[in-house]
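Participant: Next come a sequence and a model predicted from it.
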Amino acid sequence: MELAYHSDQRQSVKATPPPEFITILNSENQLKAVHFRKSRILREGAANSRPLVDDILGRGEADGTFRTRIDPIQLGLTITSVCYYYFTNHATSSIVYGRRLMNRAALDERLAFNIDTILAIVAPI
């Protein structure tokens, strides 16, 4: 979670409006992944997160920290979602909630909340 979040966070803090990564990702999704599909480097780079999630889940299940039978793809999508939405919608969400969402304190608060959320999802039942 922290790895994904801090990667996005560093880009988001430096870039206004949205960081190039988010802009490119949004465009690529609108184009139905036409460039992503053609690029072995992009596909392999993105695929590296799956074994990482599998490994973390396996270790957590083995030591009883995590519940069993968590779908690693669903978990990976959820982790990405809770980070991605915040960064792609911070401008409108700042207005809706009347808070600055991209300052250091707000980003740290969001990271802590995201970690707590994911830990609650994977906790033993």
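Facilitator: Arrived safely, thanks for sending.

Participant: can we go C-alpha only for contacts and neighbour counts from here?
Facilitator: Fine.

Participant: Could you check how many residues crowd around Ile56?
Facilitator: Neighbours of Ile56 under the rule other CA atoms under 10 Å: 13.

Participant: host element of it?
Facilitator: Following DSSP states H and E, one finds Ile56 within helix 49-62.

Participant: tell me the contacts of Thr68?
Facilitator: Listed by CA atoms under 8 Å, 6 or more residues apart in numbering, the contact partners of Thr68 are 61, 124.

Participant: re earlier: now for the helix holding Ile56, which elements pack on it?
Facilitator: helix 72-88 (3 or more CA pairs under 8 Å, 6 or more residues apart in numbering; DSSP states H and E).

Participant: C-terminal to the helix it packs on, what's the next element?
Facilitator: Using DSSP H and E, the helix or strand that follows helix 72-88 in sequence is helix 90-97.

Participant: Just give me the longest helix of the protein.
Facilitator: Counting by DSSP state H, the longest helix found in the chain is helix 104-122.

Participant: how about that one: buried residues?
Facilitator: 107-108, 110-111, 114-115, 122 (16 or more other CA atoms under 10 Å).

Participant: got it, and stretch 21-32?
Facilitator: Across stretch 21-32, burial judged by 16+ other CA under 10 Å covers Ile22.

Participant: Stretch 75-82 too?
Facilitator: Buried, per 16+ other CA under 10 Å, within stretch 75-82: 75-76, 79, 82.
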